[in-house]
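Asks: missing the sequence, but the structure's below:
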């Protein structure tokens, strides 16, 4: 039985539900285009782009743990104008490109969205209001009314689907999700990393130069899964599940919880982009064994 | 198959191992070699690099310039805050290291030509010894600005006088060795027939040697730089073309260098913005 891994996500047609998460390898247009052409990649997401260039924090910017990573990159990005030039020379994309973006206030968010949405290579936008290590970003994402205002204003000036990437670092995750949906967001990405830190026991100092970072990898997965499940109960727009996916069963779990697609991040440090193929094959086998024809059929199944 | 928990080897490689500097040596007016006892880093192959952490300052990639007796050496030119701080460190001072990281040079016998410019000679010094270990016929060209900036030339002269290598040194002003560039010397002997050309230096040099090796159809490998952050192939900061310097490099073969295209022309800064090199 041939199973169908294609999914439709807010008007985008994805070959598989597997998406390259924001912040992973997404600085270079050429690199993003190359990854987007891999057969099992459903969509690729850029690093979060701001209005102006940002160097990010000095190193160390990452700590490796047995069950995940803590990163404190500090949103390095070339700024929206340079990034558009980057996309100009990227070559053709083999799957939809989701442009992640951020701003320090609503005006800036709207400005970046307006500029980045103009590029023909961009299929959808993802508003990052959840970076846990740059101050001013998740502060917006913790306030449902600010998120609603940002989403409404962005939607007024773009004609492409808008996703909102949510923070797990608030008890208001469902409220924020609902506010985004009611304000006109086309989808939600759940979730960003959990605010975390590490301390060097030799030097007796924080291990990351930015002190705080975001925890990703399997340590994050059960939290992300819970967020997706809760949001699916309350909100009707599509969800991209994100957080510690490392096996096809993790993909299945996120989809059963209500995710229409699933983004991959940390696992790429350990397995490279070849992991997309591995997970797609595993997902197909799972569906075959279950006698399910289309992957879309398992979305939200655990809620019944 | 699950990769979690992350295996001990990966964790060990990326754990910042705090270590004390055992020995330092001033190589020239702005360049210092630092030697540290680190069992894991001493497994480096030529061309691999370490992420060297100067607490409170930065963590930067440095090629391994020496391995022996459980000791690993890096050679650093003081040009920015992190490198200048490193150059000021004394034996007993503390740094952190992780690695060895990346893919190094292919070590094999036969006639090889090593071309280094400036601080780029650092990984080539270690390569020379490994090529000699496998019985290679090793020809070395090192080029520098002037006699105040020469690195490892006495050491290479020593190997030359023992008949182990052929060695040519050049300075742009002629104050040491030939008055020429490393490229000039390389192009003058390239027709002697080499099985492999190894390069590390300013990208303008790498680019010219690349063109030369394409013209003469000689295999070539070059160590190049990228703006390094995570060092584990995930953040994308060090991307050159469609390759990550930290994971796919820092040593690339001729066809990949051609594919990257931008060698010697432009490079990314910390923000990812492209900066022209010319």
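Replies: Arrived safely. Please read these numbers as outputs of a predicted model, since none were measured by experiment. Numbering: from 1, shown residues only, chains lettered A, B, ... in the order given.
Asks: Near chain B, which residues of the stretch 1-150 of chain A? Just list them.
Replies: A:23-28, A:30-31, A:34, A:47, A:53-56, A:58-62, A:64-67, A:69, A:71, A:73, A:76-79, A:82 (C-beta under 8 Å from any C-beta of the partner chain). (C-beta placed from N, C-alpha, C; glycine too.)
Asks: at 7 Å what do you get?
Replies: The stretch 1-150 of chain A has residues A:24-28, A:30-31, A:34, A:53-56, A:58-62, A:64, A:66-67, A:73, A:76-78, A:82 near chain B, with proximity defined as C-beta under 7 Å from any C-beta of the partner chain.
Asks: Tell me the buried residues within these.
Replies: A:24-28, A:30-31, A:34, A:53-54, A:56, A:58-62, A:64, A:67, A:73, A:76-78, A:82 (16 or more other C-beta atoms under 10 Å in any protein chain shown).
Asks: can you tell me how far residue A:116 sits from residue B:14?
Replies: 33 Å (C-beta to C-beta, to the nearest Å).
Asks: Who are the contact partners of the nearest residue to residue A:92 once chain neighbours are set aside?
Replies: Using C-beta to C-beta, 6 or more residues apart in numbering or on different chains and skipping the chain neighbours, the partner closest in space to residue A:92 is residue A:33 (6.5 Å). Residues in contact with residue A:33 (C-beta atoms under 7 Å, 6 or more residues apart in numbering or on different chains) are A:90, A:91, A:92, A:93.
Asks: same question, residue B:222
Replies: Contacts of residue B:222 by C-beta under 7 Å, 6+ apart are B:199, B:200, B:206, B:210, B:251, B:252, B:257.
Asks: What is the most widely separated pair among those residues?
Replies: Greatest spacing in the contacts of residue B:222, by C-beta to C-beta: B:210 and B:251 (13.3 Å).
Asks: who has more neighbours, these two?
Replies: residue B:251 (27 against 22; other C-beta atoms under 10 Å in any protein chain shown).
Asks: re earlier: any idea what the residue nearest to residue A:92 is structurally, helix, strand or coil?
Replies: helix (DSSP: H, G, I helix; E, B strand; the rest coil).
Asks: Now do it, the pLDDT please.
Replies: On the pLDDT scale, residue A:33 is placed at 96.
Asks: Ok, the one 3 residues further on next?
Replies: The predicted local confidence for residue A:36 comes out at a pLDDT of 97.
Asks: Distance of it relative to residue A:28?
Replies: 12 Å.
Asks: Excluding covalently adjacent residues, which one is nearest to residue 237?
Replies: Using chain A here. Nearest residue to residue A:237, sequence neighbours excluded (C-beta to C-beta, 6+ apart): residue A:181, at 4.8 Å.
Asks: that's the other chain; I wanted chain B
Replies: Here the residue nearest residue B:237, using C-beta to C-beta, 6+ apart, is residue B:229, at 4.1 Å.
Asks: Show me what the host helix or strand of residue A:226 is packed up against.
Replies: Assigned by DSSP states H and E, residue A:226 falls within helix A:221-234. Helices and strands touching helix A:221-234, by 3 or more C-beta pairs under 7 Å, 6 or more residues apart in numbering or on different chains; DSSP states H and E, are helix A:173-182, strand A:187-190, strand A:239-242, helix A:248-257.
Asks: Now do the same contact list for whatever residue of the stretch 1-150 of chain B ends up closest to chain A.
Replies: Here the stretch 1-150 of chain B gets closest to chain A at one residue, residue B:59, 3.5 Å apart by C-beta to the nearest C-beta. Applying C-beta under 7 Å, 6+ apart, we find residue B:59 in contact with A:59, A:60, B:51, B:52, B:53.
Asks: Filter the contacts of residue A:33 down to the buried ones.
Replies: The buried subset of these (16+ other C-beta under 10 Å) comprises A:90, A:91, A:93.
Asks: Report the lowest-confidence entry in those residues.
Replies: Ranked by pLDDT, those bottom out at residue A:91 (87).
Asks: Run through who's touching the helix-or-strand element of chain A with minimal mean pLDDT.
Replies: Lowest by mean pLDDT, DSSP states H and E among the helices and strands of chain A is helix A:138-141, with a mean of 84. Outside helix A:138-141, the residues that touch it by C-beta under 7 Å, 6+ apart are A:129, A:130, A:131, A:132, A:146, A:147, A:150, A:166, A:167, A:169, A:176.
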